[in-house]
Structure formats: C-alpha cells, structure tokens
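K.L.:
Turn this into a model:
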Amino acid sequence: MKTLRRLMLSPQELERLCGFEVGELWVGSLWGGAYRSGAWQPEQWPKMLALEGLVLGMMFVLAVPVGLMALRFTGQAGQGSGSALAFGVGVAIATVFLSVLRRGAMARKRRQLRSLLPILDEVDRFHDTLQAFELLQELASLAPPQGRTPRDVVQERALSADRLDLEALEEAFVLTRDSLVTGLMAESLLRQHQPFLSRSDELLAHLEQNLITLHSLDLGHQAAEQAVLLRETLQISSSVRQTLQSQLP
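P.N.:
Numbering: from 1, shown residues only. Next up is the predicted model:
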C-alpha cells in the first residue's frame, strides 16, 4: 500500500510539471488563475463561497484608498453624509473595477489552460482509483467472523488472490501514472512552444505504447474487481492522449 501511495502525484510535483500552483479548486493564483471544473459542484459551494468572500474582502481593502481619494477630490471630507456617500461610491467603483479585471484575467487563463484542466481531472480520477484499490485490500484483510475456521479463511483469500492479480494492477497503476506525467509534460511544452512538433510526437508515441500495454493487461485479466480498476486506468490514459491530440495543429 505504501508503494501505491507513492504513485500519487503530490502538489509539489504537479506544480513542477505544470508550472502553476495546483489546488483542489483552482490552478494558478487567486487573482489571475482558473477555477477547476469541479469547483462549483454542490459539495464545494461552502469552500467556494468562503474563497470568493476572502477575495472580495481583499478587493475592498485595496479599494479603500480610492474611496479616500474620492473624498479628497470632491471636497466632501468632514461633511457628514456627503463624505460617507462619496467614500462609498469611490470604494464601490474601485471594487467593481478590480472584480472585472480579475474575471477577465481568469477567463484568459482558463482559455490558456483548456488542455491542462482535463488532465488534472484525470489525475484526481487516478488518485480516486488508487484509494478504491486500497479500500478493497483493506476489506479483504478484515478479521474473519465467528463460525469460520482459519482454513476457510486461507482458502478464500487464496481464491481472492487468484482473481485479483496484484502485479498486473500495480503495473497498470505505474503505466497510468507515467501516462499522466507524460501528458502533463507534453501539455506544458505545447502551451509554452506552440510551433514545436517533434518532441510532442515523441511524447504521444510514449502514451500510445502505454495504452497498448494497458489494453493487453485488460484483455488478459477479466476478474470483476480487477477488470473495473484496469479499465479505469485505461480510460484515464486514453483521455489524456485525446486531450493532447486535440491541441496539436
């Protein structure tokens, strides 16, 4: 299990491969980054509302000097309700202006990262698959209930081991991780150097070889639990390859 845990891509490794900070909800900075596709799912609403509230508060702080300048230029300082109105209008205008700038920057960044975001979703899917496999292994190792002999347990676990070829699954996980890393590298190169082709062809050929190997693993091991996990890894690698191919001229 520790070996499989090490297959997960850490935030630091993702940042190194992508060139951006990768969070659960966004990629890049809060001011000019892009929200991930699952950021506005219902289960993420509390986090998103808190995040947007924090950004709005920061904008308000940055807008306060504009409100003070509005008081100065309108000559309303120290005039009661008039000064409060001038200050409020100045702060509101500055906050709306900053918000529009931020939304525009985020829209441009999302267009720039249109091929990266789907690959990051596949990274999350890969991590979920590893955790599902770990859960299956933990369930298989539970203590036997009363009324069953140790011999029964040994026989059942032997049958389970026959159905679930751990070596094949681990190989599939390693290949899938390699496909994800290769996909992230290729996407970064395509984004930074759009005219280049030779290196991208090499990386896509590497992905193709991984897919061929995963196909052979899937066809050779048809036990129910294993087939589900193997096909999950195959779909992840296929999705990465299709995303990259769509970006090539």
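K.L.:
Next secondary structure after the helix or strand Arg111 falls within?
P.N.:
Element membership for Arg111, per DSSP states H and E: helix 81-112. Per DSSP H and E, helix 81-112 leads on to helix 116-140 as the next helix or strand towards the C-terminus.
K.L.:
got a list of contacts for that next one?
P.N.:
By Cβ atoms under 8 Å, 6 or more residues apart in numbering, the surrounding residues in contact with helix 116-140 are 1, 4-5, 7-9, 14, 18, 20, 22, 27, 34, 36-38, 110, 157, 160, 164, 169, 173, 176-177, 180, 183-184, 187-188, 191, 225, 229, 232-233, 236, 239-240, 243. (C-beta placed from N, C-alpha, C; glycine too.)
K.L.:
Just the buried ones from those?
P.N.:
A residue is treated as buried here by neighbour count (16 or more other Cβ atoms under 10 Å); on that basis the buried members of those are 4, 7, 9, 14, 18, 20, 22, 27, 34, 36, 110, 164, 169, 173, 176-177, 180, 183-184, 187-188, 191, 229, 232-233, 236, 239-240, 243.
K.L.:
Mark out where each domain of this structure begins and ends.
P.N.:
The domain map for the chain lists 2-8+113-247, 46-111, with the assignment taken from automatic domain parsing.
K.L.:
lowest-confidence stretch among the ones you listed?
P.N.:
Comparing mean pLDDT over these, the weakest stretch is domain 2-8+113-247, at a mean of 70.
K.L.:
and stretch 86-100, which residues are buried?
P.N.:
With burial defined by 16+ other Cβ under 10 Å, the residues of stretch 86-100 counted as buried are 86-87, 90-91, 94-95, 98.
K.L.:
any idea how far the residue nearest to Phe60 when sequence neighbours are not counted is from Thr129?
P.N.:
What sits nearest to Phe60 in space, not counting adjacent residues and going by Cβ to Cβ, 6 or more residues apart in numbering, is Thr95, at 5.9 Å. Using Cβ to Cβ, to the nearest Å, one obtains 43 Å as the distance from Thr95 to Thr129.
K.L.:
and if you look at Phe97?
P.N.:
Following Cβ to Cβ, the distance that separates Phe97 from Thr129 is 45 Å.
K.L.:
just to revisit the earlier point, of the contacts of helix 116-140, which belong to helices?
P.N.:
Those of the contacts of helix 116-140 mapping onto helices are 4-5, 14, 18, 110, 157, 160, 169, 173, 176-177, 180, 183-184, 187-188, 191, 225, 229, 232-233, 236, 239-240, 243, per DSSP state H.
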